[in-house]
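Asker: Predicted structure and sequence below. I'll ask about it afterward.
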Amino acid sequence: MAQLEVVRFRDLLEVTQIPRFVPGVFPPMVEIHGPDFSSADVILINEMPCPEFIIVSKGVVYAQLPSEAKAIATIQVLSSGFTKNTTGSKMEFVVGDKTHAISGIIKLVQLFTKWIMQSPGSDLFNPTRGGGLQQIVGQVATGRDMQPVFSALTQAISTTVSQIRQAQIKVPELPLDERLLSAELLGLNVFEAQMQVLAKVAIRSSAGDAATSSLVL
């Protein structure tokens, strides 16, 4: 059964080289290299969208530096879709935006994301539901002491998996590609300048489909 998309996921396309400025070009543009940028749809520099970008070839793209960016801290190249086979994805909330129906593994990833972010007690009809991940969003984390964040994430994932599995037992007609088999924390990337942690979570359905969701804390 399809449902409306309220959490949108886009592939994070791999960047393989340290970007450099394109010489003799104004406004300034950054040369970015990667395996395949043919589906590039949005490029973010320091979490700000680039005003313009040019796909020079399959593996090279030129992106205009946002006027507010004085130095490059992070670069993300986002695909126009969610193919499930990249190393990560970027999550966007689209409540109030034009939505469309989703099903299968994308529906499962959306469900998992909504439940893990939910704080217990926020739903009067299901007071125990939620992984409680919002409780650690915004915490200051450093590369020297990631154990509290790792422990909180692991617990949130375990709680969410258990809750979803229990809820789905009551829906025997649910398709296998929408039924949760497992979720696993793949790793953490720390961006100390932005005081952010990027958590990569692998989500697998009972049909064997897998997707990687990235959560920024």
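Answerer: Arrived safely. As the structure is a prediction and not an experimental result, all values here were calculated from the model.

Asker: Could you point out the helix or strand that follows the helix or strand harbouring Leu108?
Answerer: For Leu108, the element it lies in under DSSP states H and E is helix 104-117. Once helix 104-117 ends, the next helix or strand along the chain (criterion: DSSP H and E) is helix 147-169.

Asker: Please name every helix or strand in contact with that next one.
Answerer: Taking 3 or more C-beta pairs under 8 Å, 6 or more residues apart in numbering; DSSP states H and E as the contact definition, the neighbouring helices and strands of helix 147-169 are helix 104-117, strand 180-191, strand 196-205. All C-beta spots, glycine's among them, are computed from the backbone N, C-alpha and C.

Asker: ok, back up a step: may I see the buried residues of the helix holding Leu108?
Answerer: 104-113, 115-117 (16 or more other C-beta atoms under 10 Å).

Asker: The nearest residue to Ala156 once chain neighbours are set aside: how many residues sit nearby?
Answerer: Residue nearest to Ala156 in three dimensions, not counting chain neighbours: Gly131, with 3.8 Å by C-beta to C-beta, 6 or more residues apart in numbering. Close neighbours of Gly131, defined as other C-beta atoms under 10 Å, add up to 28.

Asker: list the contacts for Gly131?
Answerer: Gly131 sits next to 115-118, 156-157, 159-160, 163 when contact means C-beta atoms under 8 Å, 6 or more residues apart in numbering.

Asker: which one of those residues sits closest to Ile55?
Answerer: For Ile55, the closest of the contacts of Gly131 turns out to be Met117, at 33.5 Å, with distances computed as C-beta to C-beta.

Asker: Could you measure from the closest one over to Glu52?
Answerer: Counting by C-beta to C-beta, to the nearest Å, the separation of Met117 from Glu52 is 33 Å.

Asker: Check Ala73 too.
Answerer: In this structure, Ala73 and Glu52 are separated by 20 Å, where distance is defined by C-beta to C-beta.

Asker: Now do the residue nearest to Ala156, the pLDDT please.
Answerer: At Gly131, the pLDDT value in this model is 89.

Asker: What are the phi and psi values at it?
Answerer: When quoted as degrees, to the nearest 10, the phi and psi of Gly131 stand at phi -80, psi -10.

Asker: Give the helix, strand or coil label for Ala69.
Answerer: coil (DSSP: H, G, I helix; E, B strand; the rest coil).

Asker: Can you get me a residue count around it?
Answerer: Ala69 is flanked by 15 other residues according to other C-beta under 10 Å.

Asker: and what of Ala73?
Answerer: Applying other C-beta under 10 Å, we find 12 other residues in the vicinity of Ala73.

Asker: what does Glu47 give?
Answerer: Here the count is done by other C-beta under 10 Å, and Glu47 has 14 residues near it.

Asker: Ile75 against His33, yeah?
Answerer: No. In this structure, Ile75 sits apart from His33 without contact. The criterion is C-beta atoms under 8 Å, and the distance is 10.9 Å.

Asker: Touching both of the two, which residues are there?
Answerer: When contacts are counted by C-beta under 8 Å, 6+ apart, Ile75 and His33 have 15, 19 as shared neighbours.

Asker: immediately after the helix or strand of the chain with the lowest mean pLDDT, which helix or strand?
Answerer: Averaged element by element with mean pLDDT, DSSP states H and E, the chain has its least confident helix or strand at strand 89-93 (a mean of 61). Reading on from strand 89-93 to the C-terminus, the next helix or strand found by DSSP H and E is strand 101-102.
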